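Undergrad: model this:
(one chain, ligands or ions: 1)
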Amino acid sequence: MSVQAEEEQVASVTRAAGGQAAVSAPDAAIGHALGKLDTAWLRDEYVNQGSFLYLSEFLPPDATQRLIDAANALMPEVNRNFIPGHKAGGSVSRHTIDRLQPYIAELYRSPKLVAWLEKVTGDRLQLSPEDDPHAYALYYYTRAGDHIGWHYDTSYYDGRRYTVLLGVIDESSCILDYELHTRDASKPDEPGAVQYPPGALVLFDGDKLRHRVTPSREGEVRVSITFEYVTNPNMRPWRRFISNMKDAIAYFGFRQVFRKALQSVRAGGGKAGGSV
Ligand SMILES: [Fe+2]
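TA: Got it, this is the predicted structure:
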């Protein structure tokens, strides 16, 4: 891609993020992070691993510290959830983040981050719609047995859904277990595991990576951030219903999920074709 094309790409993302022309502090932090990376090599690594990439060091220390402070400040806002046999833990949705810790939202919208993710994934990415509580969120493991069982980050959108995980706090023994190539019949499944520390990054195509997080033990604390990007923000109504139910039960609670959905409907919008 030419320099001009890259600049246009960044500019389009900047416009989509609300037309902010100035480089924000989170965007500058991402610029710092990207300066030491060989993106072409990482793109190959991502492809060879079946749309999966792990970087044990990504965010600069000051940005990581901002996230640690934000995660600690949001502890009173955590919504606990429990699905017998599948998951237990706490979550804070993008709606709460917007209200109390907008730095995380700015990091999610960082034009430099989105442009880099586009280079690595090879896809044109869009931000998740405003009424998606999962667009950016925090996961908290603070009690013994908090975990999530094997699953995919299934896309309910018409296009692909990408997940970025950032390590924030890890005073735990929890492991992110994964299996590469499970949906590629031409390659054998390839298991792997990481215990991603603060500042680390995990990137994958949600429909391609089978993964889980192993249970925490008594006295352990683990907090991670998830960012979700999509290739097409349209979502059909029945999928929207399933997605909302899943988010309400498994993550954020009915009040968080359906209050925003109702507001969107009353405003004449709805998820389909939502803003980016
Ligand atoms: Fe997941």
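
Undergrad: can we go C-alpha only for contacts and neighbour counts from here?
TA: OK.

Undergrad: list the buried ones in stretch 84-92?
TA: Across stretch 84-92, burial judged by 16 or more other C-alpha atoms under 10 Å covers K87, A88, G89, G90, S91, V92.

Undergrad: Number of residues surrounding the nearest residue to the fourth one once chain neighbours are set aside?
TA: Among residues not flanking G90 along the chain, R80 sits closest, at 4.2 Å (C-alpha to C-alpha, 6 or more residues apart in numbering). The criterion is other C-alpha atoms under 10 Å. On that basis, R80 has 19 neighbouring residues.

Undergrad: pretty sure R80 is in a strand, no?
TA: Yes - under DSSP: H, G, I helix; E, B strand; the rest coil, R80 sits within a strand.

Undergrad: What separation do you get for it and G89?
TA: R80 sits 6 Å away from G89, going by C-alpha to C-alpha, to the nearest Å.

Undergrad: Ok, D27 next?
TA: Noted for D27: a distance of 30 Å to G89, by C-alpha to C-alpha.

Undergrad: all strands for the protein, in order.
TA: Per DSSP state E, the chain carries strands over the ranges 52-55, 79-83, 87-92, 126-127, 136-141, 147-151, 161-171, 176-180, 190-194, 201-205, 210-213, 221-230.

Undergrad: Please produce CSV containing the ones you listed, extended by mean pLDDT and distance to L117.
TA: CSV is the format used below for the strands of the chain (pLDDT from 0 to 100; distance: least, C-alpha to C-alpha, whole Å):
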stretch, mean pLDDT, distance to L117
strand 52-55, 98, 11
strand 79-83, 90, 29
strand 87-92, 95, 24
strand 126-127, 97, 11
strand 136-141, 97, 15
strand 147-151, 96, 23
strand 161-171, 98, 9
strand 176-180, 98, 19
strand 190-194, 98, 20
strand 201-205, 98, 9
strand 210-213, 98, 20
strand 221-230, 98, 9
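
Undergrad: Which residues does stretch 57-72 contact?
TA: By C-alpha atoms under 8 Å, 6 or more residues apart in numbering, the surrounding residues in contact with stretch 57-72 are 26, 29-30, 32-34, 101, 103-104, 138, 168-169, 198-201, 223.

Undergrad: ok, L166 - contacts?
TA: Residues near L166 by C-alpha under 8 Å, 6+ apart: Y196, P198, G199, A200, L201, V202, S224, I225, T226.

Undergrad: Do I have it right that the fourth one meets L55?
TA: So the one you mean is A200. Yes - contact status for A200 versus L55: in contact at 5.7 Å, counting by C-alpha atoms under 8 Å.

Undergrad: more neighbours, those two?
TA: More crowded of A200 and L55, by other C-alpha under 10 Å: A200, with 20 against 16.

Undergrad: Could you tell me how far that one is located from L53?
TA: 11 Å.

Undergrad: Please apply the same query to I97.
TA: Applying C-alpha to C-alpha to I97 and L53 gives a distance of 26 Å.

Undergrad: Ok, L165 next?
TA: As for L165, its distance to L53 is 11 Å (criterion: C-alpha to C-alpha).

Undergrad: sorry, back to before: list only buried entries from the contacts of stretch 57-72.
TA: Going by neighbour count (16+ other C-alpha under 10 Å), those have 26, 29-30, 33-34, 101, 103-104, 138, 168-169, 198-201, 223 buried.
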